[in-house]
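Visitor: can't give you the sequence, but here's the structure:
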């Protein structure tokens, strides 16, 4: 197959949002599609690979799972849904954004600035946009390391790397493997493309023209959303928007009017002078360390969930150095967090559940203080995803106000 050809027969593995979108896009174009999913009980049936030209894998399916591993052994290409989307949108410049943290905020900010649709890891599958965007229209695409594992021809016109810290070690196994997956965003870019990277970042690979950004860059306007990390996101978005051809007035208007994204330092209520902030997207320690630098007021910090293979010692040191009154620990990681925080001298309470944590924090907080949900962990021990965890936090806060 040439880069933009589609297979005659495809196996789609994983029928969550991106898998269903991939199946629909392939079937609409006359491709014979076979599907596999754990819920169907056929996700280990290697006979499904017979006669298949390509396997399209949902990002939640690890590469060592039976069917992707079997495909690799047979020499059958394995594509991510992002790879398929790229092949279905050959006439559309793609502005792709990756990084350990800030991907969604930066992607949505760019979409807001450029009046462009946003797809990928942010929620809407890239394949959904095939045939839905004006010819030649720019598309902003958030891409995760899980999606970048399985790209082949994916070559964004502008590729943005926001940052690169330890994350997803439970999936990738090592920092080196995680880094390699992230940097695949650049590998197919040519000399007419642009790579946007943090100042001083080395070894991107690819042949794109390089543009650097920094948190202290002069911007055409200051961003509406608070925090040094969001100013850094704004600097990256500004560099990318300029590379995509946006003028300074358009960029400035976008910076001044973008309100932010739910579950990312999102104010969800105030009661008796105590503010409640939902940062449920903070699923690793880097995100929490950044959140802690955003506020000068005393914090009641809710931490915990399912650990992602990170040590908690650096986080505990950052919490100890911040203006944290008490940490309230929930979920599977509560005991490990308690150990790290205890060594760092941070006061904590083993709340176990989010409901109890909110109740205890609200009882202890004083006017002018903040109750901050910034968990440093995945949500899958007690919630479907970080969105559900954030919505539950919002609900609990709203109930406090009654």
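Guide: The structure has been received and is ready for your questions. Values in this document were obtained by computation on a predicted structure and should not be read as measured data.
Visitor: run a quick neighbour tally on the closest residue in space to residue 135 that isn't next to it in sequence.
Guide: Once flanking residues are discounted, residue 135 sits nearest to residue 91: 5.9 Å by C-beta to C-beta, 6 or more residues apart in numbering. Quick note: C-beta positions are derived from backbone N, CA and C, even for glycine. For residue 91, the count of nearby residues is 8 (other C-beta atoms under 10 Å).
Visitor: could I get the pLDDT score of residue 91?
Guide: We have a pLDDT of 93 for residue 91.
Visitor: ok, now residue 104?
Guide: What the model reports as pLDDT for residue 104 is 92.
Visitor: now do the domain split for this protein, please.
Guide: Annotated domains of the chain cover 9-76, 83-257, 266-400 [automatic domain parsing].
Visitor: circling back: hang on, isn't the residue nearest to residue 135 packed against residue 133?
Guide: No - using C-beta atoms under 8 Å, residue 91 is not in contact with residue 133, being 9.1 Å away.
Visitor: quick revisit: could you measure from the residue nearest to residue 135 over to residue 134?
Guide: The spacing between residue 91 and residue 134, counted by C-beta to C-beta, to the nearest Å, is 10 Å.
Visitor: list phi and psi for the spatially most central residue of the chain.
Guide: Centroid check for the chain by C-alpha atoms, centre = their mean gives residue 103 as the closest residue, at 5.3 Å. With angles defined as degrees, to the nearest 10, residue 103 sits at phi -60, psi -50.
Visitor: now name the helix or strand holding the residue nearest to residue 135.
Guide: Element membership of residue 91 [criterion: DSSP states H and E] is none; it lies in no helix or strand.
Visitor: distance from the chain centre to the helix or strand bottoming out on mean pLDDT in the chain, please.
Guide: The weakest-scoring helix or strand in the chain, judged by mean pLDDT, DSSP states H and E, is helix 169-172 (a mean of 74). Centroid displacement of helix 169-172 relative to its chain, using C-alpha atoms, centre = their mean, to the nearest Å, is 15 Å.
Visitor: which residues touch the helix or strand that that helix is followed by?
Guide: Note on helix 169-172: by DSSP H and E, the next helix or strand toward the C-terminus is helix 175-183. Applying C-beta atoms under 8 Å, 6 or more residues apart in numbering, the contact partners of helix 175-183 are 98-100, 145-146, 148-149, 161, 164, 166-169, 172, 203-205.
Visitor: could you list which of those belong to strands?
Guide: Within those, residues falling in strands by DSSP state E are 98, 161.
Visitor: buried subset of the contacts of helix 175-183 as a PyMOL selection?
Guide: Those of the contacts of helix 175-183 that count as buried under 16 or more other C-beta atoms under 10 Å are selected in PyMOL with:
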select buried, resi 98+99+100+145+146+148+149+161+164+166+167+168+169+172+204
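Visitor: got the contact list for the closest residue to residue 325 other than its chain neighbours?
Guide: Leaving aside its sequence neighbours, residue 325 sits nearest to residue 298 (C-beta to C-beta, 6+ apart; 5.0 Å). Going by C-beta under 8 Å, 6+ apart, residue 298 touches 323-325, 366, 368-370.
Visitor: narrow those residues to those that are buried.
Guide: Of the contacts of residue 298, these count as buried by 16+ other C-beta under 10 Å: 324-325, 369-370.
Visitor: same list (the residues you listed) but as CSV, adding distance to residue 212, secondary structure and pLDDT.
Guide: Shown next, in CSV, are those (distance: C-beta to C-beta, whole Å; DSSP: H, G, I helix; E, B strand; the rest coil; pLDDT from 0 to 100):
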residue, distance to residue 212, secondary structure, pLDDT
324, 34, strand, 98
325, 39, strand, 98
369, 38, coil, 98
370, 34, strand, 98
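Visitor: separation between the nearest residue to residue 190 once chain neighbours are set aside and residue 159?
Guide: Closest residue to residue 190 apart from its sequence neighbours, by C-beta to C-beta, 6+ apart: residue 207 at 5.4 Å. Residue 207 is 12 Å from residue 159, where distance means C-beta to C-beta.
Visitor: now do the shared contacts for the two.
Guide: Counting by C-beta under 8 Å, 6+ apart, the common neighbours of residue 207 and residue 159 are 189, 193.
Visitor: with neighbour numbers in mind, choose between these two.
Guide: More neighbours surround residue 159 than the other of residue 207 and residue 159, with 31 against 14 (other C-beta under 10 Å).
Visitor: the more buried one - that's part of a strand, no?
Guide: Yes - remark: residue 159 belongs to a strand, assigned using DSSP: H, G, I helix; E, B strand; the rest coil.
Visitor: quick one: low-confidence residue ranges for the stretch 1-150 of the chain.
Guide: Low-confidence segments of the stretch 1-150 of the chain (pLDDT under 70): 1-4.
Visitor: what about the helices in it?
Guide: Assigned by DSSP state H, counting those that start in this stretch, the stretch 1-150 of the chain shows helices spanning 17-28, 66-74, 81-88, 103-114, 145-148.
Visitor: tell me which other helices or strands the first one touches.
Guide: Secondary structure elements in contact with helix 17-28, counted by 3 or more C-beta pairs under 8 Å, 6 or more residues apart in numbering; DSSP states H and E, are strand 9-13, strand 32-36, strand 54-57, helix 81-88.
Visitor: now with 10 Å?
Guide: In this structure, helix 17-28 packs against strand 9-13, strand 32-36, strand 54-57, strand 78-80, helix 81-88, strand 118-120, with contacts taken as 3 or more C-beta pairs under 10 Å, 6 or more residues apart in numbering; DSSP states H and E.
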